[in-house]
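Participant: When you get a sec, could you give me coordinates for this:
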Amino acid sequence: MFKKFIKAVGGKGSQPAPAGGQSKGDKASHSGKPARSHENSASTAPNTHKKSRASHEKSDRSRSRKKSAAAPVAEESWSLSDFKVPEEAGKTRFHDLGLPDSVMRGIHKLGFTYCTPIQAESLPAALRGRDTIGQAQTGTGKSAAFLLTILNRLLTDVPEERFASEPRALVVAPTRELALQIGKDAEGLARYTGLNIVTIVGGMDYEKQKKQLRNHVVDVLVATPGRLIDFIRSEDVFLDQVDVLVLDEADRMLDMGFIPDVRRIVRATPPKGDRQTLLFSATFNYDVRILIDQWTDDPLQVVIEPEQVATDRVEQRCYLIADSDKYDLLKKVLDDEQPERCIVFANRRDLTRNLCDKLNKQGHKAVLLSGEVSQDKRIKTLEKFREGKVNVMVATDVAGRGIHVDGVSHVINYTLPEDPEDYVHRIGRTGRAGAKGVSISFISEDDAFVLPDLEKYLGMKLPLTQP
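Facilitator: Just a heads-up that it's a prediction; the model follows:
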């Protein structure tokens, strides 16, 4: 496999933009790479290890020029003065972070104004290049925190030359849905930057993804562990030029058995002193904290403790009911409450399939999202749900994390999950972005066995009523 040589000048990501200053003690000043100084952001001198890599490979790799995969969106003129957000006590504006104008324009387009707590506490240090560990509950803006760090870094520290197949930033996520969501979020924030975002996940066209990697400069690569390992093995992607490594939901990757793959991925990137590492999750268990010490260098740790584990924006109802009566109650809830968008969670694929079929036969517009559904169909299913073409999605916990759909008014737990964390992630699909939501759980004899552990985890007694 020959990596394709590309001069950064005139190519994607070649235009540096101003950003806030960096203190002397911040990230990378001690490493083989020069410090990521924002005062020197216009410099295009490559990093030390990049120089040696490029000179070594000029003799044995093809050097065909490739066009950027995308270009900044050309729309009406815009300036930062168009983005008016007043100062407000106790709140951090995105204006206060010294982000490049092209990034600020993307933030403006998305309607963001003030930072969430996790963003306000993590971004100042992360933008200066410091490794950062961020913990906050779902729906609090963790993805934007690390994506803004990436975009700022790539726009303010531009190498002299680039190869295809060599991303400068890598985001690893445990599930396809979460990776696709992060990729979509990144494209929105990077809309006006000219940076190229590529997302690779299993279950989708391998050859198409390979062409994206081999034929274009890749600025930000978002990937699931398994598919990324496939491309590393085939030498269709090289990670030794990664400046920013993000591990999202690392605890989930541990639970799903991906840690050996993640270890291999991390080893393929530069040493921890030569890259910036960011980890964000709703929870960090003991095993992951041990790995954090191996993967990060003097990280800032930011923990945003919620007043309670489950958000208070979600009204939680629990109905005691026989298992045989659950479907009738589900249909009654849907008929009576007419939810704008509703996700029905169940633990088994066969159960979700049967529920979806019965709902459609009885006049509801329902779609299925589970591990047995092909990735292409899952993407189409989510788009139908987002666009309001269907109002009920029946899902396993594959939809518990990473599914960001505005306007989900109801979450129904047809069966309680065995892991209390999954319950929190399920009900976190509603009540997002300040909106109110409703969570309804059906508790039969079998579900009652997990109830004590769930209440202990939540730190509260759930209100149990007869329907």
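Participant: the bottom helix or strand of the protein by mean pLDDT?
Facilitator: helix 48-57 (a mean of 39; mean pLDDT, DSSP states H and E).
Participant: what's the next secondary structure element after that helix?
Facilitator: Moving toward the C-terminus from helix 48-57, the next helix or strand (DSSP states H and E) is helix 101-110.
Participant: Pull out the buried positions in that next one.
Facilitator: 101, 102, 103, 104, 105, 106, 107, 108, 109 (16 or more other Cβ atoms under 10 Å). Every residue, glycine included, has its C-beta placed from N, CA and C.
Participant: mean confidence score for the following helix or strand past that helix?
Facilitator: Counting by DSSP H and E, the next helix or strand C-terminal to helix 101-110 is helix 117-127. Helix 117-127 shows a mean pLDDT of 95 in the predicted model.
Participant: And for stretch 374-383?
Facilitator: 80.
Participant: now do stretch 225-235
Facilitator: 95.
Participant: Use 15 as the first number for this chain going forward.
Facilitator: Sure, I'll start numbering at 15, so the last one becomes stretch 239-249.
Participant: List of residues touching it?
Facilitator: 15, 186, 188, 214-216, 220, 223-224, 227, 235, 251, 253, 267, 272, 275-276, 278-279, 282 (Cβ atoms under 8 Å, 6 or more residues apart in numbering).
Participant: Show me which of the residues you listed are buried.
Facilitator: Buried among those (16+ other Cβ under 10 Å): 186, 188, 214-216, 223-224, 227, 235, 251, 253, 267, 272, 275-276, 279, 282.
Participant: Filter the residues you listed down to just the ones in helices.
Facilitator: Counting by DSSP state H, these place 223, 224, 227, 267, 275, 276, 279, 282 in helices.
Participant: now for those residues, which pair is the farthest apart?
Facilitator: 224 and 267 (23.7 Å; Cβ to Cβ).
Participant: thought residue 147 was touching residue 315?
Facilitator: Yes: at 4.6 Å, residue 147 counts as touching residue 315 under the criterion of Cβ atoms under 8 Å.
Participant: Tell me which of the two has more neighbours.
Facilitator: residue 147 (23 against 15; other Cβ atoms under 10 Å).
Participant: Quick one: residues contacting that one.
Facilitator: Residue 147 touches 292, 293, 294, 298, 306, 310, 313, 314, 315, 316, counting by Cβ under 8 Å, 6+ apart.
Participant: Who are the contact partners of the third one?
Facilitator: When contacts are counted by Cβ under 8 Å, 6+ apart, residue 294 touches 132, 147, 148, 149, 150, 156, 157, 159, 160, 260, 262, 263.
Participant: Assign it to helix, strand or coil.
Facilitator: Classification of residue 294 by DSSP: H, G, I helix; E, B strand; the rest coil places it in strand.
Participant: That one and residue 259, how far apart?
Facilitator: Counting by Cβ to Cβ, to the nearest Å, the gap from residue 294 to residue 259 is 12 Å.
Participant: The fifth one too?
Facilitator: In this structure, residue 306 lies at 12 Å from residue 259, with Cβ to Cβ as the measure.
Participant: ditto for the first one
Facilitator: For residue 292, the distance to residue 259 (Cβ to Cβ) stands at 7 Å.
Participant: How about the last one?
Facilitator: Separation of residue 316 from residue 259 (Cβ to Cβ) stands at 17 Å.
Participant: can you give me the strands for the stretch 165-314 of the chain?
Facilitator: Assigned strands in the stretch 165-314 of the chain, in chain order: 175-177, 183-186, 211-214, 234-237, 258-262, 290-295, 314-317 (criterion: DSSP state E, counting those that start in this stretch).
Participant: Would you format those strands as a markdown table with distance to residue 349 included?
Facilitator: Shown next, in a markdown table, are the strands of the stretch 165-314 of the chain (distance: least, Cβ to Cβ, whole Å):
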| stretch | distance to residue 349 |
| --- | --- |
| strand 175-177 | 57 |
| strand 183-186 | 42 |
| strand 211-214 | 38 |
| strand 234-237 | 40 |
| strand 258-262 | 38 |
| strand 290-295 | 38 |
| strand 314-317 | 43 |
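Participant: Stretch 182-202: which residues count as buried?
Facilitator: 182-197, 199-201.
Participant: Please disregard the earlier target; I meant stretch 301-317.
Facilitator: In stretch 301-317, the ones that count as buried by 16+ other Cβ under 10 Å are 302, 305, 306, 309, 310, 311, 313, 314, 316.
Participant: Make sure the fourth one is actually in contact with residue 281.
Facilitator: No: under the contact definition of Cβ under 8 Å, residue 309 does not touch residue 281, with a separation of 10.1 Å.
Participant: follow-up on the earlier one: hmm, which of the contacts of residue 294 is lowest in pLDDT?
Facilitator: Within those, lowest confidence goes to residue 150 (83).
Participant: Local confidence estimate at residue 407?
Facilitator: Reported pLDDT for residue 407: 93.
Participant: Run through the protein and note the low-pLDDT ranges.
Facilitator: 15-89, 320-326, 412-417, 446-448 (pLDDT under 70).
Participant: the domain parsing of it - what is it?
Facilitator: Following automatic domain parsing, one gets these domains for the chain: 19-317, 328-479.
Participant: Phi and psi next, for residue 106.
Facilitator: phi -100, psi 120 (degrees, to the nearest 10).
Participant: Tell me if I'm right that it and residue 134 touch.
Facilitator: Yes: using Cβ under 8 Å as the test, residue 106 is close enough to residue 134 to be in contact (3.9 Å).
Participant: neighbour-wise, which of these two wins?
Facilitator: Between residue 106 and residue 134, residue 134 has the larger neighbour count (other Cβ under 10 Å), namely 21 against 18.
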